[in-house]
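> can't give you the sequence, but here's the structure:
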């Protein structure tokens, strides 16, 4: 494997000195890019795009052709795991993800098995191999998975929800049943991330998109505990692949997230980076946390807000620039260009 | 005016000793109650229900007939203010609130004026008078308003949104214009709350439902600053009507909210009450913070979770029991009964 030509992201994640603040964006490969929409059209569907390694690799690389990003992130979907478990993932047009067979009872939960990443998720590692070849060490490649709880949300609810009432009723009424789902999910997430690491990703990230919908006590018991298990089951290799954990809406629990032993805590935009830094200290790097909505405004507004985020972190090691959530669908690409340029131009004086 | 027979809520808000923890619930008058749905049917529409004092008073009192709650909260809607400003509030069936004439440009903002609560919002104070007569001092009556920023969200966006992109683009591109809206809103909110106080409410609450969608810096500038203004313009009278401020998603900013000089900080369920108490100390009482989803489970689950919330606050003064958000639409009333009973039975040992 070629050595990385740009290892700024890795160094920042490990809290080592860098010349500037590295930047990548959640959903940097996505619908705001016309070339993404074109590839997706060719694929026929979102799911086909995820499952066709050559096309997944193609869209993974698209934002890097436009913007001097400091990392690529594998194009995939967090719901590939429950899909490989046989729950029947489909996307109703304009409606988001759905499962044909959501987990609602003891029988369904008992049948749940950890998919073998070498079999039913082979398309993920095949895409990684293609991206690695094309990148040739230009920048690091990030692999990822949903958190066990976030996967369970979709698996039990059967679709996205604004209150996740079905999974929460299971949590209150049948906690043991939910724990069984979460144990299986934790093993499935570890297996997939280990397969990604083996296939050559340089960093892994756990997206806990819905952990923030829980109470503090339920978060510890049903989400953080299983993220911790995943971390303990990772085979991070001699190079010790860095791990980023991101709980959206998790501002109250940063210390606990850092205590999992992850290298970096992802932050949404609700928290001041300086406050987060004071709370976490040297225990972990921080990733974030620009409000994505600014990408819908102007390049000038983007530049102003980038400056504020850099200032709120301040000088020193351990900051990876990112949004607090994904790139919005209707972001003009020139605003994304302005973001990346602003981080590269304005950040050196903080190093 | 008759003295209050049950002043437990007032005493808890002022951090004075009480024999037990007082409890009321956001949206305690609402669609989970068959009698509410019956009155709403008679009213013809949600808006007619809000605007007909006798019917608004009727539904305000309904939950008190069923449950020994420690407060009534006026049945009304936060969008009555922008409606009185002439924006044309309507409710598309199953779609939530909409405005016919959202604020999108300089001209619309320039025309915005503070409604006279004695005129276009007279139905609010008339309903308060009716409720007061019916309550006859049994428990305190809570008045309320949306926060200036939360009102602006709906006024600019024209409807609810999952990312509030229109108002956020205005915030980034035309901050002066948004500030003008917020100044007007702050005066309108103060005027309405002062009219409510004059009409006899015992407590007022400011609902900042969408402040939590902002970044930390934007929250201070666009939401908290105007909540502060409202507080400074309140005529709280000799009895010093207590004020509750609730920013949903505001866990990162509790100290700043307490520093507004409010008497009580409302909390959503993401934060541990004990942590919040350590952060806020003696500066304010705390209101919250049971995850509302437990009301969809069983009376036994409700009782367990009530116990956990009481324990997380611990012993001492200054806790008002509530949910972290409104009562869910499909809550069985017996679960609400179990909640109120559990708070009254389990809380005395913490006092």
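Okay, I see it. For clarity, every value in this text was computed on a predicted model and none was experimentally measured. Numbering: from 1, shown residues only, chains lettered A, B, ... in the order given.
> all strands for the stretch 51-200 of chain A, in order.
A:72-73, A:89-92, A:96-99, A:141-146 (DSSP state E, counting those that start in this stretch).
> show me the one of those strands that comes nearest residue A:295.
strand A:72-73 (16.9 Å; CB to CB). (Glycine included, C-beta is placed from N, CA and C.)
> so what's the residue nearest to the spatial centre of chain A closest to, chain neighbours aside?
For chain A, the residue sitting closest to the mean C-alpha position, by CA atoms, centre = their mean, is residue A:207 at 4.4 Å. The shortest distance from residue A:207 to any non-neighbouring residue, by CB to CB, 6 or more residues apart in numbering or on different chains, is to residue A:146 (5.3 Å).
> first to last residue in stretch A:3-13, what's the distance?
17 Å (CA to CA, to the nearest Å).
> elements contacting the longest helix along chain A?
Using DSSP state H to define each element, chain A has its longest helix at helix A:175-199. Where contact means 3 or more CB pairs under 8 Å, 6 or more residues apart in numbering or on different chains; DSSP states H and E, helix A:175-199 is packed against helix A:80-84, helix A:106-110, helix A:122-135, strand A:141-146, helix A:148-157, helix A:165-173, strand A:203-208, helix A:225-233.
> mind listing what's buried in it?
A:177-182, A:184-197, A:199 (16 or more other CB atoms under 10 Å in any protein chain shown).
> by mean pLDDT, point me to the weakest helix or strand of chain A.
strand A:89-92 (a mean of 89; mean pLDDT, DSSP states H and E).
> and it, what's buried?
Buried-residue list, strand A:89-92, by 16+ other CB under 10 Å: residue A:89.
> hey, what's the closest residue to residue A:95 other than its chain neighbours bridged with?
Excluding the flanking residues, the one nearest residue A:95 by CB to CB, 6+ apart is residue A:159, at 7.7 Å. For residue A:159, the beta-bridge partners under DSSP bridges are residue A:98.
> residues near residue A:159, how many?
14 (other CB atoms under 10 Å in any protein chain shown).
> residue B:76: which of the helices and strands packed on helix A:175-199 is closest?
Comparison of the helices and strands packed on helix A:175-199 against residue B:76 by CB to CB identifies helix A:165-173 as nearest, at 26.2 Å.
> now the residue sitting furthest away from the middle of chain A: how far from residue A:101?
Distance from the centre of chain A peaks at residue A:107, with 31.0 Å (CA atoms, centre = their mean). As judged by CB to CB, to the nearest Å, residue A:107 and residue A:101 stand 11 Å apart.
> so which bits of the stretch 151-300 of chain A are right by chain B?
Contact residues, the stretch 151-300 of chain A versus chain B (CB under 8 Å from any CB of the partner chain): A:163-165, A:168-169, A:172-173, A:212, A:214-219, A:249, A:251-252, A:269-272, A:275, A:289-294, A:296-298.
> among those residues, name the buried ones.
A:163-165, A:168-169, A:172, A:212, A:214-219, A:249, A:251-252, A:269-272, A:275, A:289-294, A:296-298.
> excluding chain neighbours, what is closest to residue A:86?
residue A:101 is the one closest to residue A:86 (CB to CB, 6+ apart), at 7.3 Å.
> neighbours around that neighbour, how many?
15.
> residue contacts, it?
Shown in contact with residue A:101 (CB atoms under 8 Å, 6 or more residues apart in numbering or on different chains): A:86, A:87, A:88, A:108.
> which one of those residues is nearest chain B?
Nearest to chain B among these, counting by CB to the nearest CB, is residue A:108 at 19.6 Å.
> ok so, going back, mind listing the residues bridging to the residue nearest to the centre of chain A?
In beta-bridge terms (that is, DSSP bridges), residue A:207 pairs with residue A:146, residue A:246.
> tell me the pLDDT at the residue nearest to residue A:86?
If you check residue A:101, the pLDDT there is 96.
> and what of residue A:2?
Looking at residue A:2, the pLDDT reads 62.
> next one: the one 10 residues further on
At residue A:12, the model reports a pLDDT of 98.
> please apply the same query to residue A:239.
81.
> surely it is within a helix?
No - Residue A:239: not assigned to a helix; according to DSSP: H, G, I helix; E, B strand; the rest coil it is coil.
> so how far is chain B from it?
35 Å (CB to the nearest CB, to the nearest Å).
> same thing with residue A:114?
Distance from residue A:114 to chain B, by CB to the nearest CB: 28 Å.
> who's in contact with residue A:271?
By CB under 8 Å, 6+ apart, the contact set of residue A:271 is A:251, A:254, A:289, B:216, B:252.
> go again using 6 Å as the cut-off
Contacts for residue A:271 (CB atoms under 6 Å, 6 or more residues apart in numbering or on different chains) come out as A:251, B:252.
> quick check on it: phi, psi?
phi -110, psi 140 (degrees, to the nearest 10).
> and the gap between it and residue A:240?
27 Å.
> before we move on, the earlier item: turn the helices and strands packed on helix A:175-199 into CSV, columns for mean pLDDT and distance to residue B:351.
Listed next are the helices and strands packed on helix A:175-199 as CSV, based on pLDDT from 0 to 100; distance: least, CB to CB, whole Å:
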stretch, mean pLDDT, distance to residue B:351
helix A:80-84, 96, 47
helix A:106-110, 95, 42
helix A:122-135, 97, 56
strand A:141-146, 98, 43
helix A:148-157, 98, 35
helix A:165-173, 97, 27
strand A:203-208, 98, 37
helix A:225-233, 98, 33
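> for those, which one ends up most surrounded?
Each of those was scored by mean neighbour count; the highest is helix A:148-157, a mean of 27, by mean count of other CB atoms under 10 Å in any protein chain shown.
> what helices and strands are in contact with that helix?
Judged by 3 or more CB pairs under 6 Å, 6 or more residues apart in numbering or on different chains; DSSP states H and E, the packing partners of helix A:148-157 are helix A:80-84, helix A:165-173, helix A:175-199.
> how close does residue A:205 sit to residue B:160?
Using CB to CB, residue A:205 is found at 30 Å from residue B:160.
> same question, residue A:111
39 Å.
> same thing with residue A:53?
On the measure of CB to CB, residue A:53 and residue B:160 end up 40 Å apart.
> with residue A:67 instead?
Shown here: residue A:67 relative to residue B:160, a distance of 33 Å by CB to CB.
> so which of the helices and strands packed on helix A:175-199 gets nearest residue B:46?
Between these, helix A:165-173 lies closest to residue B:46; by CB to CB that is 22.1 Å.
> quick one: contacts of the closest one?
Here helix A:165-173 has contacts from A:153, A:156, A:157, A:178, B:293, B:294, B:296, B:297, B:301, using CB under 6 Å, 6+ apart.
> can you put the strands of the stretch 51-200 of chain A in a markdown table and add distance to residue A:118?
Shown next, in a markdown table, are the strands of the stretch 51-200 of chain A (distance: least, CB to CB, whole Å):
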| stretch | distance to residue A:118 |
| --- | --- |
| strand A:72-73 | 22 |
| strand A:89-92 | 20 |
| strand A:96-99 | 24 |
| strand A:141-146 | 15 |
